[in-house]
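S.K.: give me coordinates for this.
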Amino acid sequence: MLRRRTLASTAAAATLCGVLAAGGAAAEPRQSALPAPDLDTVTLPTGDQVRLMPSGALGFSPAAGRDHIGFTVLPAADGIGTIVMPSDMAGEILAGTEDARRYNVTDLIEHGRTDAAAVAERDLSTYAPLALAGGDAEDPNLTVHVGDHTGAVPDDGYVAWYDVTDHENNGTLDLDASGTISGELEPGDYLLQHAVWNYGANDAFTEYVFGIGHVTIGDEPTELVLDGTAASLVTVDVERPGAEIDNDITNVVATRADGHYVGHGSFGNGNTALYLMPEVDVPGYDLGFWYQTTLTGVDDAGAYQYNLAFAEPDGFPADTAYAVYDEKLAAVATEYTGFGEAVEGRTCDRGNHTREDLSADMCIFVDTPFPSRRLNLYTTGPDITWSTSTTGGVFDPETGDVIDGFMERTEGTVYTPGETERTFPRGPLTAGAADAIVANTEGLVSLDMSVPLGASGNGEAVFLIGYNGDVELRRDGQRVGTVSGIDPRDGFGFDLAEAGRYDLSIGGSREPLSGPYAFKSFIDWSFDFDPAAVEPGTEQELVLPALVLTAPDVVGGSTPNRVQPVTVELVDADGDRLEAAAMGLEVSYDGNTWSPVELDTDLAAGTATATLHHPADAKHVSVRMTATDAAGVEVVQKTIAAYGLS
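M.R.: Below you'll find the model as predicted:
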């Protein structure tokens, strides 16, 4: 499977949601089509930040003093972009007095806009607004009467409608002061998403009543009643009495037989009472419900965090009062060590159902300092998968992005009940395998790739952030392209014009603000490539492997042991082992003088083992690793201070 990273549209999920010159002359490289593998972030006009993860999931970071704010998520008018409405701006966005385009997070990110408030008015035409269609009809043929859970007129709300024969024909109707939502629709059948809410202090949601409905519009005016008194309060009960809800995420979804689906998502902070409307029959659709919540607390054993997910794939639940017991959960006691420096951190745990259309695909970033310790408890079961983003380091106070640090993203973890322990991160740290794609577009063959200069595969998938690096590409010994002053993990690219033996050299350094390891790192490849082998209109993976150094005793970037077993593995970008033709390892304790290490190799398996004997006065271990894979690709990696000796 190709691993090209594209900026995924989250419309369905989130609306629950340089040419190589002839003769070797140097040429300008192209900007890579691969987006940066870090999280893409947009700051809303309210100061809240929404991060689009590589999987397409949305992560939320409310601005300082806005932890009480909830969010609701709607599709943009073009059905592709995703509008994220903070609770204190929802009324204005629905009424059109606040420009919804400044809240279209997926389109803003796709166009490289990180500050929504700063986008010029002339540029906003790029981003689709809400489809506020039919709300100003003079003679409406659809009137929807709504009420909150007490039957009173809610403070605000909307109905989003979708033509069941063509979901791209859709719109949003907003609430008037009398508790009525009205509009004019063409005769036909419509799927409805609806939500109403009440406001508390600072315009935060205090009550949120939501569901899915259906209406048939004929020749006569149609009236529909959405009675919030029939809605069920969504609650969760856990064993630990001090646990408090930190955030909760809901999604209701309607899926057609052809797999197309629409849904409605909301994100709250635990202070919003969530009410689910009863299930109704929607001809041609299957309904589903998803509830994810995080509860936190501290007891005698320390801090803990419940990460709970409840899936109802066969319709809305008959009982929305959920209860969980610790013995049914996975309990992962996690030591957040960092790499030797005390730094800020955050985690974002996202539960999903194996049925893709069901989950909300949203999470909240939780402050997680390094060092610290926390017991993480997870819902278990084969149908519930967990993905986690963990970041530590020095953060830019304005953008919230990491200046120097480390990150791990895990996808699709299925937990089983029981207790386990984990220390994060570990190390050693060396350069990692390249995510490289070659594509033939109208006869022009291009290479797009990214590679981390610091990464750990020692029972984890960690990479370092903050390198300043340079890239050089040669063909048959002649320089044909360079890139300077980038973090190669963020991506770069070249156009490939001729066949030959290519040498790709990448190196960089980082300020060790988050830890003193891998502050200089290099990786070089030598490989044969013929652009004519890439068929027009196709793309394929270019396997540029890396050597992973694993050592069970390295924790937090260092080991106390002077006699140390290590393993070297030759892997591709997915971490799968590759057959090797040769492997080598050298170590240095001053970064200049190198000593070869005797390896016990299994070339067919792409592995080698050794026992290192470190000098008593050594402070760190630098490594130089070499290999040739079965396809003739040669790789050389050198990392200064790959790990420490304590």
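
S.K.: what bridges to the nearest residue to Asp357 once chain neighbours are set aside?
M.R.: Leaving aside its sequence neighbours, Asp357 sits nearest to Tyr261 (Cβ to Cβ, 6 or more residues apart in numbering; 4.2 Å). Heads up, the C-betas are built off the backbone N, CA and C, glycines and all. Note on Tyr261: beta-bridge partners by DSSP bridges are Thr255.

S.K.: before we move on, what about Lys520?
M.R.: On the basis of DSSP bridges, Lys520 is bridged to Ser509, Ile640.

S.K.: please apply the same query to Ala160.
M.R.: Taking DSSP bridges, one finds Thr172, Gln193 as the beta-bridge partners of Ala160.

S.K.: before we move on, what about Ile249?
M.R.: Under DSSP bridges, the residues paired with Ile249 across the bridge are Phe267, Gln292.

S.K.: which residues of the stretch 101-250 of the chain score low on pLDDT?
M.R.: Where the stretch 101-250 of the chain drops to pLDDT under 70, the residues are 132-138.

S.K.: mind listing the strands for it?
M.R.: For the stretch 101-250 of the chain, strands defined by DSSP state E, counting those that start in this stretch occupy the ranges 142-146, 156-163, 166-174, 180-183, 188-199, 205-217, 222-226, 232-233, 235-237, 244-256.

S.K.: quick one: residues contacting Leu191.
M.R.: Counting by Cβ atoms under 8 Å, 6 or more residues apart in numbering, Leu191 touches Trp161, Tyr162, Val164, Ile212, Gly213, His214, Ala254, Val262, Val282, Tyr285.

S.K.: now find how far off-centre stretch 320-335 is within its chain.
M.R.: Per Cα atoms, centre = their mean, to the nearest Å, the displacement of stretch 320-335 from the mean C-alpha position of its chain is 23 Å.

S.K.: buried sites along that stretch?
M.R.: For stretch 320-335, a neighbour-count test (16 or more other Cβ atoms under 10 Å) marks Thr320, Val324, Leu329, Ala330, Ala331, Val332, Ala333, Thr334, Glu335 as buried.

S.K.: next: stretch 414-427.
M.R.: Of the residues in stretch 414-427, those with enough neighbours to count as buried (16+ other Cβ under 10 Å) are Tyr415, Phe424, Pro425, Arg426, Gly427.

S.K.: I'd assumed the first one was in a strand, is it?
M.R.: No: according to DSSP: H, G, I helix; E, B strand; the rest coil, the state of Tyr415 is coil, so it is not within a strand.

S.K.: and for it, nearest residue in space, chain neighbours not counted?
M.R.: Computed as Cβ to Cβ, 6+ apart, the closest residue to Tyr415 that is not its neighbour in sequence is Ala330, at 3.5 Å.

S.K.: look up which residues are beta-bridged to that neighbour.
M.R.: The residues listed as beta-bridge partners of Ala330 by DSSP bridges are Tyr378, Gly418.

S.K.: how much space between it and Glu121?
M.R.: Between Ala330 and Glu121 the distance, using Cβ to Cβ, to the nearest Å, works out to 50 Å.

S.K.: Glu498: what secondary structure?
M.R.: When states are read from three-state DSSP, the local structure at Glu498 comes out as coil.

S.K.: for it, the count of nearby residues, please.
M.R.: Burial of Glu498, expressed as a neighbour count using other Cβ atoms under 10 Å, amounts to 18.

S.K.: that one against Val445, yeah?
M.R.: No: Glu498 is not in contact with Val445 according to Cβ atoms under 8 Å; the separation is 9.8 Å.

S.K.: hey, what's in contact with both of those two?
M.R.: Common neighbours of Glu498 and Val445, using Cβ under 8 Å, 6+ apart, are Pro531.

S.K.: excluding its backbone neighbours, what's nearest Tyr306?
M.R.: Leaving aside its chain neighbours, Tyr306 sits nearest to Leu295 (4.1 Å; criterion: Cβ to Cβ, 6+ apart).

S.K.: where exactly do the strands run in the stretch 501-646 of the chain?
M.R.: Chain-ordered strands for the stretch 501-646 of the chain, with DSSP E, counting those that start in this stretch as the definition, fall at 520-529, 539-541, 546-550, 558-559, 563-571, 580-588, 595-596, 600-602, 607-613, 620-629, 634-645.

S.K.: cool, the stretch 251-400 of the chain as well?
M.R.: With DSSP E, counting those that start in this stretch applied, the stretch 251-400 of the chain shows strands at 261-268, 273-276, 285-299, 302-312, 321-323, 330-336, 344-353, 362-364, 366-367, 372-378, 384-395, listed in chain order.

S.K.: I'd like those laid out as CSV, including distance to Glu460.
M.R.: Shown next, in CSV, are those (distance: least, Cβ to Cβ, whole Å):
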stretch, distance to Glu460
strand 261-268, 28
strand 273-276, 35
strand 285-299, 22
strand 302-312, 19
strand 321-323, 32
strand 330-336, 12
strand 344-353, 14
strand 362-364, 19
strand 366-367, 19
strand 372-378, 15
strand 384-395, 9
